[in-house]
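**Q** need a 3D model of the sequence below.
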Amino acid sequence: MSNALQVALFLASVAVVVFVAIFIPAFLVLCQRASCAARQLEEVKADLKLVIQDTRTVMQRVNELANRAHQQMDEVDRMVRTARGWSDRADRIVGEVGDIVEAPIFSVARIIGIVQEGLHSFLNAVTRRNHQPGLKEERNR
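**A** Numbering: from 1, shown residues only. Below you'll find the predicted structure:
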């Protein structure tokens, strides 16, 4: 058993030496990769700070533009309401003037139509009278 114990002890020693021989370089490579990743993260962090600052600046400008656009839309809305009020007033004035002027114009048109019809009838009567043969002879006598 002592030989078996010595062999087991020797194999355990070899396993520890192999484990340490593999683990130490692997650990060193892992540390190097971790330090590279940490450096890259620091660089990305610095770049991200600039991007965040630029994004905040852009957002502030967008907010300012949006506020200006809202103000201008409010002004346009006020102008549209004012123009609509003027248009409504003009419509009322045109309606009232139309009501005031429309009746006399229709009356004058009706009177002109009646006078025209009367003149037409009168002229027809006069022209018929002049074309009747018996009337011409009576006038000549």
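**Q** please go through the chain and pick out the longest helix.
**A** Longest helix in the chain by number of residues (criterion: DSSP state H): helix 2-131.
**Q** next one: that one to chain centre, how far?
**A** On the basis of CA atoms, centre = their mean, to the nearest Å, the separation between the geometric centre of helix 2-131 and that of its chain is 6 Å.
**Q** what about that helix, average pLDDT?
**A** Helix 2-131 shows a mean pLDDT of 91.
**Q** ok, H120 - how many residues close by?
**A** 10 (other CB atoms under 10 Å). (C-beta placed from N, C-alpha, C; glycine too.)
**Q** and it, how far from S107?
**A** In this structure, H120 and S107 are 20 Å apart, going by CB to CB, to the nearest Å.
**Q** same check on G85?
**A** 34 Å.
**Q** just R68 next, same as before
**A** Shown here: R68 relative to S107, a distance of 58 Å by CB to CB.
**Q** cool, I22 as well?
**A** I22 sits 120 Å away from S107 when distances are taken as CB to CB.
**Q** over to V80?
**A** The span separating V80 from S107 equals 40 Å under the rule CB to CB.
**Q** next: L9.
**A** 137 Å.
**Q** next: K45.
**A** Distance of K45 to S107, given as CB to CB: 91 Å.
**Q** for V101, give me its contacts.
**A** With contacts defined as CB atoms under 8 Å, 6 or more residues apart in numbering, V101 is in contact with no residue.
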